[in-house]
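Q: Task: produce atomic coordinates for the following.
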Amino acid sequence: MVTRRILSLVPEKRLELVILRDTGKKPYMRERAAALIKINDGQSSYEVARSGLHKKRDVDAIYGWIDRYEEKGIDGLQISPGRGRKPAFSP
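A: Numbers count the residues shown, from 1 in each chain. Here you go, the predicted model:
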């Protein structure tokens, strides 16, 4: 049986995520904040991953966002340096 992941936020932290969702400069940060707000409001991580965001995400990605947010707060939602595809040609 799969354990449902929950995220309980105090009102100040939820407001911080709402502000990030509405005014964040990076689209990926707005998306991650929106996902965390929906999970806090009672939707399951699976529902959010499949139909709660602009495009479908893997539920494990959502779990990773939750883990990093609980560990580091808003800073945990940023993409870490060194992630992503490396250049094929370095001048």
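
Q: residue ranges for the helices of the chain, please.
A: For the chain, helices defined by DSSP state H occupy the ranges 11-23, 27-40, 45-47, 59-72.

Q: how deep is residue 39 tucked in, by neighbour count?
A: Residues within reach of residue 39, counting by other CB atoms under 10 Å, total 25. From N, CA and C alone the C-beta is placed, and that goes for glycine too.

Q: I'd say it and residue 59 touch.
A: No - between residue 39 and residue 59 there is no contact under CB atoms under 8 Å: 11.1 Å.

Q: Next, show the common contact partners of these two.
A: Residues touching both residue 39 and residue 59 by CB atoms under 8 Å, 6 or more residues apart in numbering: residue 45.

Q: before we move on, back to that, so which of the helices of the chain gets nearest residue 86?
A: For residue 86, the closest of the helices of the chain is helix 27-40, at 18.9 Å, according to CB to CB.

Q: what sits up against the closest one?
A: Contacts of helix 27-40 with the rest of the structure, by CB under 8 Å, 6+ apart, involve 5-9, 14, 17-18, 20-22, 24, 45, 47-48, 52-54, 57, 62, 65-66, 69, 77-79.

Q: Kindly report the same for stretch 6-26.
A: Stretch 6-26 is contacted by residues 29-30, 33-34, 36-37, 39-40, 66, 69-70, 74, 78 when judged by CB under 8 Å, 6+ apart.
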